[in-house]
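In: sequence first, then the predicted structure, then my questions.
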Amino acid sequence: MKTLRRLSCLAGMLLLPSLFAPLGADARPLPAGSLAPLSSLLMPLPSVVGAHLIMSRLSSAPQHARAGHVYVLHGSVVNDGSAAARGPVVVHLLRVGTRPLAIGRTVVGLAAHDSTDVGVRIRLPRGLHNGSYTLVACVQRAGRSGKLGCVTAERHLQIGPRSRTRAARVSAAAPSAACSSGAHSLSPFGAHVYPETGNGGYTSLHTDVYLNYDTASNLFLPGTHVVLSNQATQCLTDFSLDFERTSPNTKDGPDLTVGSVLVNGQPASFTFVQPTYPGDPNGQNDPDPRAHEAGQLNPVGGPDNNPLPPACSPELLSTNPNKQFDLDGTQCPANKLVITPSSAIPSGASFVVEVDYTGRPGVHNDGDGTTEGWFRISQQNDAGGFVTTEPVATEDWMPLNNHPSSKPTYDFYDTVPLGKTAIGNGELVSQLANLPDANFPGGSTTWHWHSPEGIASYLVENSIGSYDLSVRLSSSGIQYYEAQDLAIPKPKAAANKAIMDMQEDILNFQSAFNGTYPFTTDGVVIGVPAASFEEEMQTKITFANGKIDLQTLHHENMHQWWGDNVSEANYNLTFFKEGLATLGEYFFIAANAQAAAGGSAAAFEQSLVNTFNTVYAGSDLLWTGAPSDPRPYTLFSGSKTYRRPGIAYIALRLILGPANFNAAFQQIQSTYRQWSVSEAQLESAFESFLPVPSASCRARLGQFFTEWWDTVYPPGGGANRPQITGPGLDGGGFHC
Ligand SMILES: [Zn+2]
């Protein structure tokens with residue numbers, strides 16, 4: 001059932017001059033908007049029946065706040081419901097892995113459609129352990145009952161020394177006098193899985209996204225822009241971003257226009273060019289048209305037998321396997337946004353790029369003919385967008401360095417029609433009403449989400465629409481966001497919520513293998529579009545088609561460690577994280593078997609053995625392609641990316657022993673935290689946990705990886721599959 005309950009906050013807004021702009025020293029400027037006469041706000045609006053309190057903002061603690069001291073935080077509370085309410089505002093101190101502490105409290109009483117500013121006195125406890133803490137203020141919707149609405153102070157509280165910072169990860173720039181263009185790809189020579197994405201010559205550090213999005217027309221309005229903070233790793237005459245403005249998919253693809261580009265505040269020239277195959281010795285401006293052609297494989301082939309590697313993966317308009325090579329040998333679209341600043345950027349310099357754009361966001365057609373990206377929701381009273389983007393479609397709604405190894409942190413400032421909800425990665429910092437302006441004659445709300453953790457290109461979430469959004473604070477210091485499209489029928493929404501509520505248990509279960517959860521938040525967004533897949537968007541897992549299922553939630557939540565915190569260094573390593581997420585499903589099945597057997601640990605282990613043996617005996621499809629060498633057409637379509645690596649990890653767990661296996665997991669999580677990992681790095685990390693680290697055992701393990709991850713077998717059975725398995729498993733076991 002659709003409801004329009006959030007629309008009523010427009011009426012409440014009249015009383016809320018203090019909410020028209022963010023307050024507090026740490027607030028960032030909102031997108032500019034001209035103010036319209038207040039009289040335009042006096043239209044009658046549907047109302048939320050009953051009380052409906054929300055927190056709309058909370059100031060940060062002082063930069064150098066100290067344990068044992070008292071501070072006053074300032075926030076705002078809104079009642080956008082039709083009934084008065086009275087209840088506590090509680091400020092909690094959260095740190096992942098510890099129980100939340102209530103450190104301040106005040107009581108607010110609000111009439112219908114009213115708001116108030118509050119000051120909350122907090123005392124930071126003495127004896128806090130070193131670490132990063134979040135300050136979270138919450139109210140209950142009905143005052144003393146109902147779902148929680150919380151906001152998080154933007155600046156975290158740091159007690160003691162900071163742990164290793166992301167900045168330290170930026171590779172030291174090589175000193176060089178010569179300035180040149182940044183590379184238009186992050187892939188190596190010969191790569192044939194989305195080689196067109198990613199951009200070299202700089203590291204992406206942070207991105208601010210400002211969307212002015214009209215849900216009814218599905219358009220980005222004037223003022224929409226991104227601000228990308230980068231650091232040069234060479235002296236740059238020019239550099240590139242990925243941005244798909246138009247698509248052969250004229251119905252659902254993007255139709256976007258860049259208005260201007262600034263570099264360090266100065267106008268910069270820009271143009272769009274085709275990608276070139278990585279490592280082209282003739283340079284990125286190779287006049288040979290064959291250097292810019294699409295292909296599933298290396299070489300391109302196609303009707304003219306192009307001997308060169310592909311410059312891009314084809315954007316197939318059909319999933320028909322008989323058509324997978326149809327676009328091989330065609331020209332790649334000009335999706336590289338090349339920016340030339342007024343003067344060269346020195347090696348090692350920080351620089352800020354602003355790209356202003358408008359138009360219609362859309363979906364990308366992949367090398368397998370499926371689509372992903374910005375799915376429009378155009379049902380009456382339920383307009384908006386649902387974003388799920390693996391592997392490359394973030395570039396269909398914003399310009400970025402579009403590669404899984406590029407992981408800037410993010411802030412999202414989404415201005416949307418009043419009554420609509422915007423959901424981004426990480427923590428909700430504020431939701432603030434704006435007066436009507438040229439973009440939003442009916443008024444608008446700016447939603448600010450903050451991700452303190454870096455996000456890989458395909459895991460950036462930004463769904464906007466009619467969502468019921470709430471949050472839970474867990475005993476382990478993590479905020480769990482739950483969002484469902486309001487069009488989902490109530491009985492289904494209730495069933496969905498029961499599964500979403502299990503996310504904390506799933507996370508705790510998976511932490512026993514993976515170690516400490518890597519983010520401050522987790523959550524689920526259930527949308528209504530018929531996107532053909534679920535996705536592990538960082539801290540906001542997306543489910544399509546209005547429904548969620550428990551086993552898939554296990555899969556996607558496992559990804560928060562594998563794929564999200566530790567990402568694949570390139571697309572051909574998709575099997576690495578999909579195999580681990582599949583292992584998450586196998587762990588879930590094993591835990592069910594354990595529960596059915598009265599808690600027997602042996603039943604857990606036997607379930608994994610059974611899973612291995614069943615899949616190992618399975619079809620040729622697992623074996624007739626190497627997981628580490630997929631083609632775009634088959635990247636997500638099956639057993640080579642999912643089940644084959646999934647059972648390989650079961651074997652690896654028995655080779656290392658469960659305790660060593662968990663230790664290896666946790667070391668990889670720590671070493672490659674908020675970064676990406678290559679196949680060689682992964683194999684080396686597991687090898688260092690071999691119980692018998694002899695030369696022959698290490699060689700045997702190397703052979704195991706080669707067989708399971710890199711080898712193509714001919715069709716058939718028996719020897720036409722990996723022969724090195726694991727102790728107690730079918731196949732040849734593991735001897736060294
Ligand atoms: Zn997955």
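Out: Right, received. Where do you want to start? Numbering: from 1, shown residues only.
In: in this structure, what residue lies closest to the ion?
Out: Nearest to the ion, among the residues of the chain, is Ala581, at 4.2 Å (Cβ to the ion). Using the backbone N, CA and C atoms, a C-beta is placed for each residue, glycine as well.
In: where does that residue sit: helix, strand or coil?
Out: What DSSP: H, G, I helix; E, B strand; the rest coil gives for Ala581 is helix.
In: mind showing which ranges of the protein have poor pLDDT?
Out: Applying pLDDT under 70 to the chain picks out residues 1-47, 164-177.
In: find the centremost residue of it, please.
Out: Centroid-nearest residue in the chain, with Cα atoms, centre = their mean: Leu459, separated by 2.4 Å.
In: could you measure from that residue over to Met537?
Out: For Leu459, the distance to Met537 (Cβ to Cβ, to the nearest Å) stands at 5 Å.
In: repeat that for Gln274.
Out: Gln274 sits 29 Å away from Met537, going by Cβ to Cβ.
In: give me the more crowded residue out of those two.
Out: Applying other Cβ atoms under 10 Å to Gln274 and Met537 shows that Met537 carries more neighbours, namely 29 against 21.
In: my read: that one touches Thr394, true?
Out: No. Judged on Cβ atoms under 8 Å, Met537 makes no contact with Thr394 at a distance of 10.5 Å.
In: who touches both of these two?
Out: Both Met537 and Thr394 are contacted by Val460, under the criterion Cβ atoms under 8 Å, 6 or more residues apart in numbering.
In: returning to that earlier point: show the contacting residues for the residue of the chain closest to the ion.
Out: Applying Cβ under 8 Å, 6+ apart to Ala581 gives the contacts Glu536, His555, Glu556, Met558, His559, Trp562, Gly563, Tyr642.
In: try 7 Å this time
Out: His555, Met558, His559, Trp562, Gly563 (Cβ atoms under 7 Å, 6 or more residues apart in numbering).
In: check those against the ion, which are close?
Out: Residues of those in contact with the ion (Cβ under 5 Å from the ion): none.
In: with respect to Ile650, which of those residues is nearest?
Out: The closest of those to Ile650 turns out to be Met558 (Cβ to Cβ; 13.9 Å).
In: assign that closest one to helix, strand or coil.
Out: Local secondary structure at Met558 is given as helix here, using three-state DSSP.
In: cool, Leu327 as well?
Out: Under three-state DSSP, Leu327 falls in the coil class.
In: now it: closest residue in space that isn't a chain neighbour?
Out: Counting by Cβ to Cβ, 6 or more residues apart in numbering, the nearest residue to Leu327 once its immediate chain neighbours are dropped is Pro314, at 3.5 Å.
In: hmm, Arg155 is touching Pro62, no?
Out: No. Between Arg155 and Pro62 there is no contact under Cβ atoms under 7 Å: 9.2 Å.
In: more crowded one of these two?
Out: Arg155 (20 against 14).
In: tell me how far the more buried one lies from His64.
Out: Taking Cβ to Cβ, one finds Arg155 at 11 Å from His64.
In: intersection of neighbour lists for those two?
Out: Counting by Cβ under 7 Å, 6+ apart, Arg155 and His64 have no contacts in common.
In: run through who's touching the helix or strand where Ser229 lies.
Out: Assigned by DSSP states H and E, Ser229 belongs to strand 225-232. With Cβ under 7 Å, 6+ apart as the test, strand 225-232 has contacts from 170, 173, 201-210, 345-357, 398-399.
In: and the residues you listed, which are buried?
Out: Neighbour counting by 16 or more other Cβ atoms under 10 Å classes 170, 173, 201-210, 345, 347, 351, 353-357, 398-399 among the contacts of strand 225-232 as buried.
In: looking at those residues, which are in strands?
Out: Cross-referencing the buried ones among the contacts of strand 225-232 against strands under DSSP state E gives 202-210, 351, 353-357.
In: Gln274 is in contact with Ala291, isn't it?
Out: No. Gln274 lies out of contact with Ala291 (Cβ under 7 Å); the separation is 8.8 Å.
In: coming back round to it: near the ion, from the ones in strands among the buried ones among the contacts of strand 225-232?
Out: Among these, not one lies near the ion by Cβ under 5 Å from the ion.
In: quick check, nearest of these to Asn613?
Out: Distance ranking of those against Asn613, using Cβ to Cβ, places Ser204 first at 44.2 Å.
In: what are the phi and psi values for Met537?
Out: Main-chain torsions, Met537, degrees, to the nearest 10: phi -40, psi 140.
In: any idea how far it lies from Ser180?
Out: Using Cβ to Cβ, Met537 is found at 36 Å from Ser180.
In: cool, and Leu432?
Out: Distance from Leu432 to Ser180, counting by Cβ to Cβ: 44 Å.
In: can you show me the helices along the stretch 501-650 of the chain?
Out: Per DSSP state H, counting those that start in this stretch, the stretch 501-650 of the chain carries helices over the ranges 503-514, 550-559, 574-596, 601-616, 643-656.
In: which of those has the highest mean neighbour count?
Out: Ranked by mean neighbour count, those are led by helix 643-656 with a mean of 25 (mean count of other Cβ atoms under 10 Å).
In: summarise which helices and strands the next helix or strand after that helix is packed against.
Out: Scanning forward in sequence from helix 643-656 by DSSP H and E, the next helix or strand is helix 658-671. Packing partners of helix 658-671 (3 or more Cβ pairs under 7 Å, 6 or more residues apart in numbering; DSSP states H and E): helix 503-514, helix 643-656, helix 679-687.
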